[in-house]
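Undergrad: Fold the following, please.
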Amino acid sequence: ISVPEVTLGCDPEFFILWNGRRVSAATYLPFVGQVGCDGELGELRPTYGRHESQVVANLSSLINRIPRSLRRSKWAVGYPEDGRAFQYEAHSYYGSVAAGFHVHLGIPPEILNTRKDFHRVAMSFLVMCLDWYLSVPLVGLETNHKRRLGGSAYGKPGDYRPSNVTLEYRTPGAFYLRTPKLAAGLLGLALLVTENAVARIKAASGDFRNLHKLTFPELRELLFVPEPAAVKEILTHPDTRVAMRNLDSIRKRLESLATFGKHAPAVDQFFRAVENQETPGPNLVSNWKE
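TA: Residues are numbered from 1 along each chain as shown. Below is the predicted model of the structure:
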């Protein structure tokens, strides 16, 4: 099985706080650019890469630029003029607002084109692989589960958006932007799983020529994932121990994948952090300087 190249990007969100109160990022940041806003949340848009280490290095550069990137809008009288007075924090949920760590995956167009039903089967399978091998391990360190357990579809299992360029996987929360180690683990897992799922789909479909003939049960034989209902139940269960009981089996399957060695440093560090229950503070700028 040859592993096709998958590009990796992300646009994680963050909160701007002033004296403990949330400040709308749109007051200080543009809607475009690498350090910008998505409404009231700040958003980082690092240059994409072909390995998690590249993307994490790009994220580090942007995070250190955040304070000097803020410029107060003229109408915001009474607020500080620039970003030096603020705190910048990573939370999946804060003050009734949910924030995500969206992962962008540049996958082959044969899968990405979702205008035909058989393409959606392959896409659904890939997203379920990400739910199982990425999002289930993420459950263990979160300190606030309101985004995962909330009433909206945002951040739930299978939350994704396709475009003409990438698959945007939206289930992970912005908590994992807190440190380079957590970000690298999340991104490394995403790339590892996607590379190997796409490689197996490509081989089984004859270089995508027979993609329309593959059924969901056949796709599940290419790379193990539980039944969809079981994955959803685990990811929406209020008791985190339900997800954590699956960590050993998930890790063993990840270690058997063809490109595991390429991502082993980031993935191993991440699983150690989960096992040791490392829960770093939310301050982005100080955490990434360290």
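
Undergrad: Next, please give the residue ranges for the helices of the chain.
TA: 52-69, 109-112, 117-130, 136-138, 146-149, 180-204, 216-222, 228-235, 240-244, 247-255, 260-275, 284-289 (DSSP state H).

Undergrad: residue ranges with poor pLDDT in the stretch 151-290 of the chain?
TA: Applying pLDDT under 70 to the stretch 151-290 of the chain picks out residues 290.

Undergrad: Distance-wise, check residue 160 relative to residue 171.
TA: Between residue 160 and residue 171 the computed distance is 8 Å (C-beta to C-beta, to the nearest Å). Heads up, the C-betas are built off the backbone N, CA and C, glycines and all.

Undergrad: With residue 11 instead?
TA: Where residue 171 is concerned, residue 11 sits at a distance of 14 Å (C-beta to C-beta).

Undergrad: More neighbours: which of those two?
TA: More crowded of residue 11 and residue 171, by other C-beta atoms under 10 Å: residue 171, with 24 against 17.

Undergrad: Surely that one is in contact with residue 133?
TA: No: using C-beta atoms under 8 Å, residue 171 makes no contact with residue 133, being 11.9 Å away.

Undergrad: what about the residue lying closest to residue 83 once chain neighbours are set aside, how many residues close to it?
TA: Excluding its sequence neighbours, the residue lying closest to residue 83 (C-beta to C-beta, 6 or more residues apart in numbering) is residue 70, at 3.2 Å. When neighbours are counted by other C-beta under 10 Å, residue 70 registers 23.

Undergrad: what does residue 71 give?
TA: 13.

Undergrad: bridging residues for it?
TA: residue 82 (DSSP bridges).

Undergrad: Redo the helices of the chain as TSV? Include distance to residue 79 and mean neighbour count.
TA: Below are these laid out as TSV (distance: least, C-beta to C-beta, whole Å; neighbours: other C-beta atoms under 10 Å):
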stretch	distance to residue 79	mean neighbour count
helix 52-69	15	18
helix 109-112	42	18
helix 117-130	39	20
helix 136-138	34	23
helix 146-149	27	20
helix 180-204	29	24
helix 216-222	52	14
helix 228-235	39	16
helix 240-244	38	15
helix 247-255	44	14
helix 260-275	36	18
helix 284-289	19	18
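
Undergrad: Kindly present the ones you listed as a markdown table, with separate columns for distance to residue 39.
TA: Output for the helices of the chain, formatted as a markdown table (distance: least, C-beta to C-beta, whole Å):
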| stretch | distance to residue 39 |
| --- | --- |
| helix 52-69 | 17 |
| helix 109-112 | 27 |
| helix 117-130 | 25 |
| helix 136-138 | 24 |
| helix 146-149 | 16 |
| helix 180-204 | 22 |
| helix 216-222 | 36 |
| helix 228-235 | 26 |
| helix 240-244 | 29 |
| helix 247-255 | 34 |
| helix 260-275 | 30 |
| helix 284-289 | 19 |
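
Undergrad: Out of the ones you listed, which gets nearest to residue 34?
TA: Of all the helices of the chain, helix 52-69 sits nearest to residue 34, with 5.6 Å by C-beta to C-beta.

Undergrad: what pLDDT, on average, does that closest one get?
TA: For helix 52-69, mean pLDDT is 97.

Undergrad: which outside residues touch it?
TA: 8-10, 12, 14, 29, 34-35, 42, 44-49, 82-84, 86, 88, 177, 180, 183-184, 187-188, 191, 263, 266, 284-285, 288-289 (C-beta atoms under 8 Å, 6 or more residues apart in numbering).

Undergrad: Run through the stretch 1-150 of the chain and note the low-pLDDT ranges.
TA: 114-119.

Undergrad: Let's see that with 90 instead.
TA: Applying pLDDT under 90 to the stretch 1-150 of the chain flags the ranges 1-4, 20, 74-79, 81-82, 95, 110, 112-121, 143.

Undergrad: Now for the closest residue in space to residue 152 that isn't next to it in sequence: which residues touch it?
TA: Distance criterion C-beta to C-beta, 6+ apart; nearest residue to residue 152, sequence neighbours excluded, is residue 98 at 7.6 Å. Contact analysis of residue 98 by C-beta under 8 Å, 6+ apart lists 92, 146, 147, 150, 152, 154, 155, 173.
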